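**Q** Prediction below, plus the sequence it came from.
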Amino acid sequence: MEGFLVQTLQIAVLIGLAPALVGWVRMLKCWMQGRTSASLFQPYLDLLKLFSKDIVLAENASWIFRFTPYLLFGTTVLAGAVIPMLSTDLPLAATADVIVLVGLFAIARFFTALAGMDIGTAFGGMGSSREMTVASLAEPAMLMAIFTVSLGCKSTSLSRIVEAGALLKPSLAFAFLAFVLIALAETGRIPVDNPSTHLELTMLHEAMILEYSGRHLALVEWAGMMKLFLFMALLSALFFPWGIAETGKLSHIPIAGAVLLLKLAVSGMGLVLIETGLAKMRLFRLTEFLGSAFLMATLGMLSFFILD
Amino acid sequence: MAFLPIEIASASVLLLLLATLVSALLRKNQRLLINAVFVIASAASLTAVAAGIWTVGSGVTGKLTLLIGLPDLPFHLRLDPLAGFFLTVIGLLAFFVSIYSIGYVKGYLGQRSVTRLVVFYCLFLAGMFMVVLADDALFFLVAWEAMAAASYFLVMFEDEHIENRRAAFLYMVVAHVGAIAILLSFGVMAGLATGFENFNGYTFDAMRQANFPLEWATVAFLLAFFGFSAKAGVIPLHVWLPEAHPVAPSNVSALMSGVMLKTAIYGMVRITFDLIRVFPWWWGAIVLSLGLISAVMGVLYALMQHDLKRLLAYHSVENIGIILIGIGLAMIFHSFNLPTMAALALIAGLYHTMNHAVFKGLLFMGAGAVLHATHERNMEEMGGLIHHMPWTAALFLVGCISISALPPFNGFVSEWLTFQAFLLSPSLPNQMMKLLMPMGAALLALTGALAAACFVKAFGVVFLGHWRGHQNTHIHEVDWPMRIGMTMAAVTCLGLGILPTVFIDWMDVLPEQLLGAKLAPSATGMGWLWLTPVAPERASYSGVVVFLGILFVYGIVYFVLHVKPGKIRKGAIWDCGFEKLTPRMQYNATSFSMPIRRIFGFLFSIKEEVKLAPQTAHAAFPQKLHYYLRVRDRFWNWIYKPVAEVSFWISRKVGRLQQGNIQAYLIYSFVTIVVLLLFTR
């Protein structure tokens, strides 16, 4: 019973805190760039505004376009239910291992790309084409990084990986670097994509969802925020699994929650440092970026067999 | 009175042969012919499925000897679980496609006689069933050739187009080169089984009992692998596949791509695991590497296509590659004597065999429905079909999700199992393999991601957006038999995706008999809900929970947001104030794959030209732009063109022997007899 409570709590934390994390990243970014920032809670207000607005639907939109926001939200929440953020003893943890998790993100992306093509504008198709290209290069690198970690623990189950505890090993260092690069690509951050631009030549993710409005847009945006949250949580589970409770007891949760908040705050700072320090890359330079991520993951794999 | 599974399976073959006779009688009334014969064919397929499921479920082997064939060389039939599994795969898709054909083939009424299509359709099915039932080399090759010949005539069905005749010819040539290799392989094995003193070595039983010396076993394996690869479309023997599959009628393409290629997989498994049994690890390495090459190259070539059926045909190359990855891994693990891991890899490969049959059948049926409704195969002329064909669109989407290996559908389960098999490679005693195997996993991941990109393109360009075509044809949804056929395939895709434990439990007798290890005790150890191969703490997946979990969150969010009904206003799309958007400005198939074409361009032979039309007032304001793009398979120029030229050269030289006068021919006969006498002396 307690396990289910922890499970519910974890999902609630994900849904509830994801906008605050984005607010935190935006705030830090403003400070780094010498601007005054909006409040930490601005993303909540944005979502509230979008939920209260009516929807303007493109004339040509089919059910795919209307189905996608809900599906995005559903897959992201499910992904959040299986990543150990507060505790490893989750009733739903056995549902999906880390490969299934990649699959869950893939199905969300698949439908977003279809929604981009549904309305029949050049923008939507452009976004879908670019997103799928980036994804097809990022996914192998991501799986390689994950495999390097899971070879060490002889398991692809996230709970086991956390319980095994990461050690300072050269293979993990390489896998970590690769994973950071991939996480930037997957969550659409600089230098791969810019979440705050609507300039036609640079858009990837935003081009696909350009026609969304009202509650559809709110769901898409919220799912995007949760995805950022989840990648940071995944990063912590794979490489810094300290502080995650290994029991399903409620009494362990406050400490685990505090550690999680700390880790998120620090990863947010890291993200802002990367985003402020780098410029967005041209689309065709991305092969080098993702290629180096792949190379790093491969080096991690090789050093696992040779050094560990 | 009880029947044995093998009798039921033989009855299904007889039923199909009977159907060909019926079609001869009914050829005057074409509509009745279609209804009657395809109903018989679906009944026969269902019978075969029943026999197959029963055999695999009970794990018993039935045998039958037919006293037909050559004197002293009777035909042997055998239905063991391996044959039963493939019988189920073939029968299941044949059942769906036969129902679909009741509607699809009626599209030809009034255009041409369909008698030929119907007759060869039944012979084709009977041939495939006989291939898996055969238990001797002779009957196997007879069935193999019957299948190849029947499918040749089916590819040739619309023979007024020159490209169809060319494709059929190419198919026939490759099929026969492959068949010769298989024949030679059987010859090697039969010769070693009983020596050249008697003919009994032609039965598979004799081969099973023989112990082959390694070098001859290798010769037999390589010949058989070459021959079966030609049928399966393994790169570089794949060139016939994207030519022949698109031009055949779509129901036939579904069968050819979905199950005919699988008979080659059956042959490989039969020869390596059942007849030869003991082999070194590098055989598996060959199969694995060719599988990886086929998977990656297949999907990259598929991405470059804009003909819907050609795109699907190249995806068959990819999926055969994925199946071979599983089988190659099983061979490697087996040769290092790691039976449980081999069982996992073999199940992964065979599971994908089943999955690919169902979803590729579904996709080809969907492509056939699109072709039926629009008379168009070129994706650049399509778009927005989801508004006109909602059923076909939804069902085709299920196929797209399944083939892109996305949870919770079936393609994901088999790829997930393959990944798990890859992750077991550190247990191998060979250091080299340990290092190289994870690269294979990365290539498989690349394949999956590219396949998803390709099917976003396929579904997005064909079904979404606006109609891109020039002529505005009246598009309508297809009729009920076609919808039912596709729906059954789609439901099977979902079923295989969310209930893998049931399926693995059923087919577990295969690794037990071939490799001596079971997977199900560990894979279903936590109950039917959780798939946990090898050990629960190693990895787990539950398709049901993923499916229901997504639905649950979806339902709650939908409900919460629709308590207070918000208004939905329809509006025009954002055009940046341009106001002159036309459907031709949408992304199409070529533009969608442009980034990937640029990144992986070195693998293709690409010719791209952009020309401005000359008659413009000013160079800065061109009125028209000509864009020309040709992407070709590199293998064609590398391998096939030289081979074709050399064989034409040889045949011209040999042709000089044909003088046309009787004296010369008599001399040839005389010389032949003398030479033969010298040999037999």
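**A** It's in.
**Q** what comes into contact with stretch B:160-170?
**A** B:Tyr152, B:Val155, B:Met156, B:Phe157, B:Glu158, B:Asp159, B:Val239, B:Trp240, B:Glu243, B:Ala244, B:Pro246, B:Val247 (CB atoms under 8 Å, 6 or more residues apart in numbering or on different chains). Using the backbone N, CA and C atoms, a C-beta is placed for each residue, glycine as well.
**Q** What does the third one show for phi and psi?
**A** In this case it means B:Met156. phi -80, psi 0 (degrees, to the nearest 10).
**Q** Any idea which residue of the stretch 101-250 of chain A lies closest to chain B?
**A** Proximity of the stretch 101-250 of chain A to chain B (CB to the nearest CB) peaks at A:Gly125, 2.4 Å away.
**Q** Output the below-cut-off pLDDT ranges for chain B.
**A** B:1-2, B:196, B:472-473, B:614-616, B:681 (pLDDT under 70).
**Q** what's the nearest residue to the residue of it found nearest chain A if we skip its chain neighbours?
**A** Using CB to the nearest CB, B:Tyr587 is the residue of chain B that sits closest to chain A, at 2.4 Å. Spatially, and ignoring its direct neighbours in sequence, B:Tyr587 is nearest to A:Gly125 (2.4 Å; CB to CB, 6 or more residues apart in numbering or on different chains).
**Q** quick one, what contacts the one you found?
**A** A:Gly116, A:Met117, B:Gly460, B:Gly465, B:Gln586, B:Tyr587, B:Asn588, B:Ser591, B:Phe592.
**Q** if we take these, which one ends up nearest to B:Trp282?
**A** B:Trp282 has its nearest neighbour among these in B:Phe592, at 40.1 Å by CB to CB.
**Q** Surely B:Leu444 touches B:Ile323?
**A** No: the pair B:Leu444 / B:Ile323 is not scored as a contact, 11.8 Å apart, by CB atoms under 8 Å.
**Q** if you count what's nearby, which of the two comes out ahead?
**A** Taking other CB atoms under 10 Å in any protein chain shown, B:Leu444 and B:Ile323 do not tie; B:Ile323 has more neighbours (30 against 24).
**Q** coming back round to it: where does the residue of the stretch 101-250 of chain A closest to chain B fall, phi/psi-wise?
**A** Backbone torsions of A:Gly125, given as degrees, to the nearest 10, read phi -60, psi -40.
**Q** Give me the neighbour count for B:Arg166.
**A** 13.
**Q** in what helix or strand does it lie?
**A** helix B:162-194 (DSSP states H and E).
**Q** Flag every buried residue along that helix.
**A** B:164, B:167-172, B:174-175, B:178-179, B:181-186, B:188-190, B:192-194 (16 or more other CB atoms under 10 Å in any protein chain shown).
**Q** same question, stretch B:491-502
**A** B:Thr492, B:Cys493, B:Leu494, B:Gly495, B:Leu496, B:Gly497, B:Ile498, B:Leu499, B:Pro500, B:Thr501.
**Q** Over to stretch A:221-238?
**A** Neighbour-count burial for stretch A:221-238 [16+ other CB under 10 Å]: A:221-238.
**Q** Surely B:Val478 forms part of a helix?
**A** No: applying DSSP: H, G, I helix; E, B strand; the rest coil, one finds B:Val478 to be coil, outside a helix.
**Q** hey, C-alpha coordinates of stretch A:86-97 in CSV?
**A** Extracted in CSV, the C-alpha atoms of stretch A:86-97 (Å, rounded to 0.1, in the frame of the first residue of the first chain):
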residue,chain,number,x,y,z
LEU,A,86,12.1,9.2,-4.9
SER,A,87,12.3,5.4,-4.3
THR,A,88,13.4,2.3,-6.2
ASP,A,89,10.6,0.2,-4.8
LEU,A,90,7.9,1.3,-7.1
PRO,A,91,5.0,-1.0,-8.0
LEU,A,92,5.2,0.1,-11.6
ALA,A,93,9.0,-0.1,-11.9
ALA,A,94,8.9,-3.6,-13.5
THR,A,95,6.6,-2.2,-16.2
ALA,A,96,9.5,-0.8,-18.2
ASP,A,97,13.2,-1.0,-18.2
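**Q** Let me see the mean pLDDT of it.
**A** Across stretch A:86-97, the average pLDDT comes to 86.
**Q** Could you check how far that stretch is from the centre of its chain?
**A** Relative to its chain's centre, stretch A:86-97 lies at 18 Å (CA atoms, centre = their mean, to the nearest Å).
**Q** Look up phi and psi at B:Leu338.
**A** phi -120, psi 80.
**Q** Where do the strands of the chain begin and end?
**A** Since you didn't name a chain, this refers to chain A. Using DSSP state E, the strands found in chain A span residues A:55-58.
**Q** ah, no, chain B please
**A** B:62-70, B:73-79, B:568-571, B:605-612, B:625-632.
**Q** ok, residues contacting the shortest one?
**A** Just to be clear, that refers to strand B:568-571. By CB under 8 Å, 6+ apart, strand B:568-571 touches A:Asp54, A:Ile55, A:Val56, A:Leu57, A:Ala58, A:Glu59.
**Q** What is the burial count for the second one?
**A** Other residues near A:Ile55 come to 19 when the count uses other CB under 10 Å.
**Q** before we move on, the earlier item: export the buried residues of stretch B:491-502 as JSON lines, with columns for distance to B:Leu428.
**A** As requested, those are arranged in JSON lines below (distance: CB to CB, whole Å):
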{"residue": "B:Thr492", "distance to B:Leu428": "35"}
{"residue": "B:Cys493", "distance to B:Leu428": "33"}
{"residue": "B:Leu494", "distance to B:Leu428": "35"}
{"residue": "B:Gly495", "distance to B:Leu428": "34"}
{"residue": "B:Leu496", "distance to B:Leu428": "30"}
{"residue": "B:Gly497", "distance to B:Leu428": "30"}
{"residue": "B:Ile498", "distance to B:Leu428": "32"}
{"residue": "B:Leu499", "distance to B:Leu428": "32"}
{"residue": "B:Pro500", "distance to B:Leu428": "26"}
{"residue": "B:Thr501", "distance to B:Leu428": "27"}
